[in-house]
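A.B. asks: Prediction below, plus the sequence it came from.
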Amino acid sequence: MIASILGEYDDAESNRQALEYCDRAIELDPENPDAYASKASLLSRLGVGLPEAEQVARKSIALSLAQNDSIATIELEFSNFIDILIDQRKYKRARAAVGLALRYSKSELVRSLMDQASHRIQEEMA
C-alpha cells in the first residue's frame with residue numbers, strides 16, 4: 001500500500017506525494033480497493049479531510065466486498081473505517097459499522113479489533 005510505504009516519512013512533501021500517488025492509482029484503476037484504502041488511511045493519519053477519508057474508506061469496503069476480497073483485507077478496511085468514524089465523533093455510525101464488520105467475519109482478529117473500537121467509542125462518549 002502506498003500510504004504504508006511513504007508513511008515512514010512524516011513530512012509535508014512526502015505526505016503530499018503519497019496523496020498524489022493514491023490519486024494516480026485510483027485514476028489508473030478506479031476498481032482497485034487497495035488504492036482507496038491507502039488514501040483513506042493516509043488522510044486519517046494526517047487528521048485532515050476526515051469526511052473525505054470516510055467516503056474513500058466506504059468505497060474501499062464496497063469494492064472489496066463486490067470483488068470478494070480476502071476476509072483479512074475486509075477486516076482491516078472496516079477497522080480503518082471505524083477509526084475514521086470515531087475520530088469524527090460519529091459514534092452511532094461507528095457502532096453500526098462494528099455490527100456490519102462482525103456480520104462479515106467472526107474471526108478472533110475482527111472480534112478483537114471490534115472490541116477495541118467499542119471500548120474507544122465508550123471512552124470517547126464518556
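C.D. replies: Everything's here; your move. On a predicted model such as this, the values are computed, not experimentally measured, just so you know.
A.B. asks: which secondary structure element contains Ala101?
C.D. replies: Using DSSP states H and E, Ala101 sits in helix 91-104.
A.B. asks: Quick one: distance of that helix to the chain centre.
C.D. replies: Relative to the centre of its chain, helix 91-104 is centred 13 Å away, using C-alpha atoms, centre = their mean, to the nearest Å.
A.B. asks: What average pLDDT does it get?
C.D. replies: In this model, helix 91-104 has an average pLDDT of 87.
A.B. asks: where along this protein do the strands fall?
C.D. replies: Taking DSSP state E as the test, none of the chain falls into strands.
A.B. asks: middle-most residue in it, spatially?
C.D. replies: What sits nearest the mean C-alpha location of the chain, by C-alpha atoms, centre = their mean, is Asn80, with 3.0 Å.
A.B. asks: Flag the shaky bits of the chain, pLDDT-wise.
C.D. replies: Within the chain, the ranges that satisfy pLDDT under 70 run 1-10.
A.B. asks: follow-up on the earlier one: help me confirm that the residue nearest to the centre of the chain comes into contact with Ala37.
C.D. replies: Yes: here Asn80 lies in contact with Ala37, judged by C-beta atoms under 8 Å, at a distance of 6.7 Å. For the C-beta atoms, the positions are set from N, CA and C on the backbone; glycine is no exception.
A.B. asks: List the residues that are in contact with both of those two.
C.D. replies: Shared contacts of Asn80 and Ala37, defined by C-beta atoms under 8 Å, 6 or more residues apart in numbering, are found at Ala57.
A.B. asks: Check the offset of stretch 90-99 from the chain's centre.
C.D. replies: 14 Å.
A.B. asks: same check, this time on stretch 116-124
C.D. replies: Distance of stretch 116-124 from its chain centroid, counting by C-alpha atoms, centre = their mean, is 17 Å.
A.B. asks: Show me where the protein has its helices.
C.D. replies: With DSSP state H, the ranges of helices along the chain come out as 2-6, 12-28, 33-46, 50-66, 71-87, 91-104, 108-125.
A.B. asks: Just say which of these is most tucked in.
C.D. replies: Stretch with highest mean neighbour count among these: helix 33-46 (a mean of 24; mean count of other C-beta atoms under 10 Å).
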